[in-house]
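1. Sequence first, predicted coordinates after that:
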Amino acid sequence: MKTPADLRLALETARRSADQYGNHAVDEFLAGRLSRRDLLRYASVIGLSLAGGGVLATPQARAQSGANATIRVAHLTPAGAIDPLTVTDAGGLALLVQTGEFLIDDDGEHLVLKPALALSWQPNDKGDVWTFKLRPNVKFQDGQPFGAKDVVATFDRLADPASGSAALSVLKGVLSKGGAKVVDEHTVAFHLDAPNGNFPYYVSSDNYNAVILPANYAGGYEKTFIGTGPFKLEKYTPKVGASFVRNPDYWGEKALPERVQFSFYADEQAQILALQGHQADVMGTFTVQGGLGIMNNPDFKVMEVKSSAHRQIHMRNDDPHFKDKRVRQAMALTLDRDVIVRGLFRGKAQLGNDSPFAPVFPSSDAGVPQRKIDIAKAKQLLAQAGLANGFDVTLTTEKYMEIPDLAVVVQNAAKAIGVRINLKVESQSMYYGAGVPGKSDWLDSPLGITDYGHRGVPNVFLNAPLTSNGTWNAAHFKNPQYDQLVAQFVAAVDISSQRKLAGQIETLLLDETPVIIPFFYDQLIAMRSNLNGMRFTALAQLYFDKVTLAA
């Protein structure tokens, strides 16, 4: 409901835009000599119309609001400092792509790579050198020209073991510092540590840390949000919000909105309330359970894309409780995945089979039998492992989306086989800690649930959390046969070879069960019904450059 002050302001705007007859009618209303009903009747005759629940606006004013709007975004508070080198959380990722760009964009809906700062890319015959042709006539927001030296410097930072780069989890064993080389001003050659058939995904928006920065970048990202994108920083206030304005010097089509205004919220429900209270036009990713009020309300619309995003329930293979794979198998057999998909996601998810091969990946082998709930078998396995009476263990996880609810589901399911789980749900910053063994509840806990965002290919999921030296190996899983299969998969160029290896990897992981992956969920965002042109990826990156907000 609009306030009298809102109505009066709108009428003043209408009066400035209307013809002399409209001006007279508005003057009479503001002076109290014309009723609202008579004004509306008069407006219909002279061509004015109502919009936005009672605010008078002219056609010209509606057009301006559509093309030059301020788009308000309700988003989760970033977990820490915004730095392309180290950021890993959804709150930070959405901010990076407002001003920053990648060599390649991974299309959010079809998992298709599209040119961005790179126009083309080509491997050598062996697949261990990839050459990228860069887009000319691009500038950073501070006026510096973009070129090959910036790409090389960016990936040298990301691949440097001493930099603290979060992208090392992606690039380790793939690209070393010094592997990116300038060929000419607009050509870069990536000399890889080993052949890699999916390398373009490693330098695309899939690798969210790979935002291209100037070669002379020296830190202090939050002060500038330097990049080449369609928006530039207006203001950033940690824990409060951020605003970005149209970049008039952008190399591509100029952004339609004049401004994008982010407000940070502590949790999903606060975001939803902001959207329902018309304090926001868009909210970032949300859960089906928490967002039912939005999904069933015609004032809002929900966009969804299928994804490889999932939760990994890790069990430390070197912990006394989980050292025997039969115990890990028993835990996996307690979960009714169909019920989880229906209950937590109302069907907006696909079944997981305890490997990172999501149904959306062309390389996944759909012929591997699906693991299903089997309590009798689980009890038998637990008894064979010498734990017929169960055991006590703490499950540590993060307060994010539906994960606390999933933790309760795991806790209740385990009771059926005598495993007594104590829940420890922490903030994301506390759970992830420093992100290195010995300084991270995520990597140190015997049992945990971790959020894994979408990727266009399974390579990162296969390497970082599960190879013997993987930087995200919370399960402390070490299996030489697995490592060899993954290396072969990564090097394979054609889909048929990848799918054959995928079947072997999926079968091995079902047997060893270092992690439980019960589902792959669809990515959802919500917005007001009059907002159009929104784009987003399954990695929760939000793009506002084509957005319009109708009256």
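-> Arrived safely.
2. ok, and residue 326, which helix or strand is that part of?
-> Using DSSP states H and E, residue 326 sits within helix 325-333.
3. Extract the C-alpha set from that helix and format it as PDB.
-> Provided in PDB are the C-alpha atoms of helix 325-333 (Å, rounded to 0.1, in the frame of the first residue of the first chain):
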ATOM      1  CA  LYS A 325      34.200 -49.000   4.700                       C
ATOM      2  CA  ARG A 326      31.300 -51.200   5.900                       C
ATOM      3  CA  VAL A 327      30.500 -48.500   8.400                       C
ATOM      4  CA  ARG A 328      30.500 -45.900   5.700                       C
ATOM      5  CA  GLN A 329      28.300 -48.000   3.500                       C
ATOM      6  CA  ALA A 330      25.900 -48.600   6.400                       C
ATOM      7  CA  MET A 331      25.500 -44.800   7.000                       C
ATOM      8  CA  ALA A 332      24.800 -44.400   3.300                       C
ATOM      9  CA  LEU A 333      22.100 -47.100   3.300                       C
END
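4. Which residues does that helix contact?
-> With contacts defined as Cβ atoms under 8 Å, 6 or more residues apart in numbering, helix 325-333 is touched by 313, 315, 317, 321-322, 354, 371-375, 377-379, 381-382, 384-385, 387, 414, 417, 419, 511-514, 516. All C-beta atoms are positioned from the backbone trio N, CA, C, and that covers glycine.
5. Over to stretch 107-123?
-> By Cβ under 8 Å, 6+ apart, stretch 107-123 touches 101-106, 129-135, 138, 146, 151, 197, 199-201, 203-205, 212, 228, 305, 360, 456, 493, 535-539, 541.
6. just to revisit the earlier point, can you flag the buried ones in the contacts of helix 325-333?
-> 313, 315, 317, 321-322, 354, 371, 373, 378-379, 381-382, 385, 387, 414, 417, 419, 512-514, 516 (16 or more other Cβ atoms under 10 Å).
7. quick one: which of the residues you listed sit in helices?
-> Among the buried ones among the contacts of helix 325-333, the members found in helices (DSSP state H) are 378, 379, 381, 382, 414, 512.
8. Can you tell me which of these lies closest to residue 528?
-> residue 414 (41.8 Å; Cβ to Cβ).
9. What segments of the stretch 401-550 of the chain are helices?
-> Per DSSP state H, counting those that start in this stretch, the stretch 401-550 of the chain carries helices over the ranges 403-415, 428-432, 441-444, 459-463, 480-491, 495-512.
10. So which of these is the most surrounded?
-> Each of these was scored by mean neighbour count; the highest is helix 459-463, a mean of 24, by mean count of other Cβ atoms under 10 Å.
11. Tell me the gap between it and the middle of its chain.
-> Mean C-alpha position of helix 459-463 versus that of the full chain (Cα atoms, centre = their mean, to the nearest Å) differs by 17 Å.
12. Now do that helix: which elements does it pack against?
-> helix 168-171, helix 480-491 (3 or more Cβ pairs under 8 Å, 6 or more residues apart in numbering; DSSP states H and E).
13. let's see it at 7 Å
-> Identification of packing neighbours for helix 459-463 by 3 or more Cβ pairs under 7 Å, 6 or more residues apart in numbering; DSSP states H and E yields helix 480-491.
14. Averaged pLDDT, the helix it packs on. What do you get?
-> Confidence for helix 480-491, expressed as mean pLDDT, is 96.
15. Give me the distance between the two termini of stretch 242-251.
-> Using Cα to Cα, to the nearest Å, one end of stretch 242-251 lies 23 Å from the other.
16. So the chain: which segments form each domain?
-> According to automatic domain parsing, the chain comprises the domains 4-67, 70-74+233-299+523-549, 101-221, 310-521.
17. mind giving me JSON lines with these and columns for distance to residue 89?
-> Shown next, in JSON lines, are those (distance: least, Cβ to Cβ, whole Å):
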{"stretch": "domain 4-67", "distance to residue 89": "32"}
{"stretch": "domain 70-74+233-299+523-549", "distance to residue 89": "10"}
{"stretch": "domain 101-221", "distance to residue 89": "10"}
{"stretch": "domain 310-521", "distance to residue 89": "6"}
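18. quick one, which of these is nearest to residue 85?
-> The minimum distance between residue 85 and the domains of the chain falls on domain 101-221, with 5.3 Å, by Cβ to Cβ.
19. Quick check: helices, which of the contacts of stretch 107-123 are part of them?
-> 151, 199, 200, 201.
20. now, the most widely separated pair of the residues you listed?
-> Farthest apart among the ones in helices among the contacts of stretch 107-123 by Cβ to Cβ are 151 and 201. That separation is 16.1 Å.
21. out of these two, which sits in the busier spot?
-> Set residue 151 next to residue 201 and count neighbours by other Cβ atoms under 10 Å: residue 151 wins out with 27 against 22.
22. Show the contacting residues for the more buried one.
-> 103, 134, 180, 188, 212 (Cβ atoms under 7 Å, 6 or more residues apart in numbering).
23. Pretty sure the second one sits against residue 150.
-> No. At 9.0 Å, residue 134 and residue 150 do not qualify as touching, with contact defined as Cβ atoms under 7 Å.
24. Export stretch 454-470 to PDB, keeping only CA atoms.
-> Extracted in PDB, the C-alpha atoms of stretch 454-470 (Å, rounded to 0.1, in the frame of the first residue of the first chain):
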ATOM      1  CA  HIS A 454      27.800 -26.100  -9.300                       C
ATOM      2  CA  ARG A 455      30.500 -26.800 -11.900                       C
ATOM      3  CA  GLY A 456      30.000 -27.400 -15.600                       C
ATOM      4  CA  VAL A 457      32.300 -30.600 -15.500                       C
ATOM      5  CA  PRO A 458      33.000 -32.900 -12.600                       C
ATOM      6  CA  ASN A 459      36.800 -32.400 -12.600                       C
ATOM      7  CA  VAL A 460      37.000 -30.200  -9.500                       C
ATOM      8  CA  PHE A 461      34.600 -32.500  -7.600                       C
ATOM      9  CA  LEU A 462      36.700 -35.500  -8.500                       C
ATOM     10  CA  ASN A 463      40.000 -33.900  -7.600                       C
ATOM     11  CA  ALA A 464      39.800 -31.500  -4.700                       C
ATOM     12  CA  PRO A 465      37.600 -33.500  -2.200                       C
ATOM     13  CA  LEU A 466      38.600 -37.100  -3.100                       C
ATOM     14  CA  THR A 467      42.100 -37.500  -4.500                       C
ATOM     15  CA  SER A 468      44.800 -38.400  -2.000                       C
ATOM     16  CA  ASN A 469      46.400 -35.000  -2.000                       C
ATOM     17  CA  GLY A 470      43.200 -33.000  -2.700                       C
END
